[in-house]
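Peer 1: could you work out the structure for the sequence below:
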Amino acid sequence: MPGVGIRWDHHDEAASRTGALQMVRGFGLAMPPRSIHPPALTSNHISGRAIDMTIRWSGVIELPRKDGSAVTVTWTPNVNSNLGLHDVGASYGVRKLRSDAPHWSFNGR
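Peer 2: You can find the predicted model right below:
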């Protein structure tokens, strides 16, 4: 793509794959199994309506929903299955895309 300074073709498949992996690591891109979605030029990230973040704690915590009620949430290594955390985020208008580990957005996409 004009204007994008990325060298996609290294004239050797192994070298091109190595270069792509270096870019994935360098930009911290979520790749399978953490995400099934490839990076895109049009997304909620581009419009400033999504964020990728890793959320960690140990044990059980109590989190407030936007309405002031509290929810007890237990940490799990699989954030995609932590429905209690998703519930708290949704109360603030932040929805979890369950097929992409770090992705949260205004509409869950």
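
Peer 1: for the rest of this, base every contact and every neighbour count on C-alpha atoms.
Peer 2: OK.

Peer 1: tell me where this structure has strands.
Peer 2: For the chain, the strands defined by DSSP state E occupy 50-52, 60-64, 70-74, 95-96, 103-105.

Peer 1: pLDDT weak spots in the chain?
Peer 2: For the chain, the stretches flagged by pLDDT under 70 are 1.

Peer 1: tell me which stretches of it form helices.
Peer 2: Secondary structure of the chain by DSSP state H: the helices cover 13-27, 83-91.

Peer 1: winner for burial among those?
Peer 2: When the helices of the chain are scored by mean count of other CA atoms under 10 Å, the highest mean neighbour count falls to helix 83-91 (a mean of 18).

Peer 1: quick one, it and strand 70-74 angle?
Peer 2: Counting by axes from the mean of the first three to the mean of the last three CA atoms, to 10 degrees, helix 83-91 lies at 140 degrees to strand 70-74.

Peer 1: what helices or strands is helix 83-91 leaning on?
Peer 2: Helix 83-91 sits against strand 70-74, strand 95-96, with contacts defined as 3 or more CA pairs under 8 Å, 6 or more residues apart in numbering; DSSP states H and E.
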